[in-house]
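K.L.:
return a 3D structure for these sequence lines:
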Amino acid sequence: VQLQASGGGLVQAGGSLRLSCAASGSIRSINDMGWYRQAPGKQREAVATITRGGSTNYADSVKGRFTISRDNAKRLVFLQMNSLEPDDTAIYLCNAQIIRSTDFRLADYWGQGTLVTVSS
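P.N.:
Residues are numbered from 1 along each chain as shown. This is a model prediction of the structure:
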C-alpha cells in the first residue's frame, strides 16, 4: 500500500494551491483520510481530516481557507488551499487509515510529503 502526494510548490501570500494524494496497492477500503503538516522546528500538526462519509474537521488556523475532499472510487484525497499565508509554509503529508485486502487488517499509512512554500 502506498500514498503518493503531489501539488506542492512556491506561491505568493494570498495565492492558492491544490494538493492531491492517491492511495494504491492491496486496499480493501479506506476509512479516515487527512492532511498534516510539519514546519521547520515545529511539531507535526493535523490540518484537515475527512471520514469515508465526508465529515470533515479542520485546524482553527485554516478554517475558512482550506477545504478537504475525497473521491472514494478513485482513492484520492484533496486539499484546496486558498488565501495562503507565510505561516502555512511546511511539508504537507497525507494520511489514510486503510484496511488491506491481503489480511483485512487496519493500518495507518503516510505519504512522502510535498513542500508548500508561501512567500510574503
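
K.L.:
any idea of the pLDDT on the closest residue to Ser120 other than its chain neighbours?
P.N.:
Counting by CB to CB, 6 or more residues apart in numbering, Ser120 lies nearest to Pro86, which is 4.8 Å off, once chain neighbours are set aside. Heads up, the C-betas are built off the backbone N, CA and C, glycines and all. The confidence metric pLDDT takes the value 97 at Pro86.

K.L.:
all strands of this structure, in order?
P.N.:
Ranges of strands within the chain are 2-6, 9-12, 17-24, 27-38, 45-50, 56-58, 66-71, 76-81, 90-100, 106-110, 114-119, based on DSSP state E.

K.L.:
give me the angle between the first one and strand 76-81.
P.N.:
Angle, strand 2-6 to strand 76-81, by axes from the mean of the first three to the mean of the last three CA atoms, to 10 degrees: 30 degrees.

K.L.:
figure out how far strand 2-6 is from the centre of its chain.
P.N.:
Remark: strand 2-6 is offset 9 Å from the chain centroid, using CA atoms, centre = their mean, to the nearest Å.

K.L.:
what pairs with that strand, parallel or antiparallel?
P.N.:
strand 17-24 (antiparallel) (DSSP bridges).

K.L.:
what comes up buried for the partner strand?
P.N.:
Leu17, Leu19, Cys21, Ala22, Ala23 (16 or more other CB atoms under 10 Å).

K.L.:
do the same with stretch 67-87
P.N.:
Across stretch 67-87, burial judged by 16+ other CB under 10 Å covers Thr67, Ile68, Arg70, Arg75, Leu76, Val77, Phe78, Leu79, Met81, Leu84.

K.L.:
stretch 109-118 too?
P.N.:
Tyr109, Gly111, Gly113, Thr114, Val116, Val118.

K.L.:
isn't the first one right up against Cys21?
P.N.:
No. Shown here, Tyr109 and Cys21 do not form a contact pair, counting by CB atoms under 8 Å, at 10.2 Å.
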